[in-house]
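Peer 1: build the 3D model from these lines:
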Amino acid sequence: QGSLVENAVIHPYSMSTMYAISLLDVIGQSVLELGSADGMLSAISRKMGAISATAVDLDAKWKQNFESHLTANELPIQPQSFIVADIEKQSPSDYLFDTQAQIVYSTLGPAYRKADLASIHAIDSLLYAHTFVLSGYRNELGQTGASSRIALLENFGFKVVEKIKFKEHIETLSYILQRN
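Peer 2: Numbering: from 1, shown residues only. The predicted model follows:
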């Protein structure tokens, strides 16, 4: 059996997203992870039966970690499975070579400037996206910053179907949104 992480500390935002992913049926689906860091969530999705997963991050240093996760789990490294891109500055058409993603993960939240907004606007290029996991929001004094992001996704036809709270040092929130 393979191992997804070895001697790693998992960020609380990723923990709440992992729980959200456990509630999804990713079998046979195509996944896009924006702000992926080491692509662990994409690797988990592949392990759970996703037909493909593309991890997108600003920092190229994460590509080797992502490929190590796949190799450790005897999963093939597919072409364009890790893309280095600045989603705030680049148009999705500049970095999304496959626009067939059905499930999108964004663990960016407000801590990454406006990258969470850019990840939502990528939906314009993803006609088949039916599920969006929005993560990376802290629950401090009820001020998460997520409400305006959820409203934006609602403009694209998404509705919140699940809100997930995770408490590990800080309380983080993830939302699963779906559209028909």
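Peer 1: every contact and neighbour count from this point should use C-alpha atoms.
Peer 2: OK.
Peer 1: what's the burial count for residue 180?
Peer 2: If you count neighbours by other Cα atoms under 10 Å, residue 180 ends up with 8.
Peer 1: surely it and residue 130 touch.
Peer 2: Yes. Assessed by Cα atoms under 8 Å, residue 180 is found in contact with residue 130 at 6.5 Å.
Peer 1: identify the contacts common to these two.
Peer 2: By Cα atoms under 8 Å, 6 or more residues apart in numbering, residue 180 and residue 130 have these common neighbours: residue 158.
Peer 1: quick check: which ranges of the protein have low pLDDT?
Peer 2: Where the chain drops to pLDDT under 70, the residues are 1-12, 110-111, 139-144, 168-169.
Peer 1: which residues in it form helices?
Peer 2: Using DSSP state H, the helices assigned to the chain run over residues 12-22, 40-47, 62-72, 92-95, 115-121, 146-155.
Peer 1: including distance to residue 55 and mean neighbour count, could those go into CSV?
Peer 2: Output for those, formatted as CSV (distance: least, Cα to Cα, whole Å; neighbours: other Cα atoms under 10 Å):
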stretch, distance to residue 55, mean neighbour count
helix 12-22, 14, 20
helix 40-47, 6, 24
helix 62-72, 8, 19
helix 92-95, 11, 14
helix 115-121, 12, 21
helix 146-155, 21, 15
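Peer 1: of the ones you listed, which approaches residue 172 most closely?
Peer 2: Using Cα to Cα as the measure, helix 12-22 is the one of these that comes nearest residue 172, at 6.2 Å.
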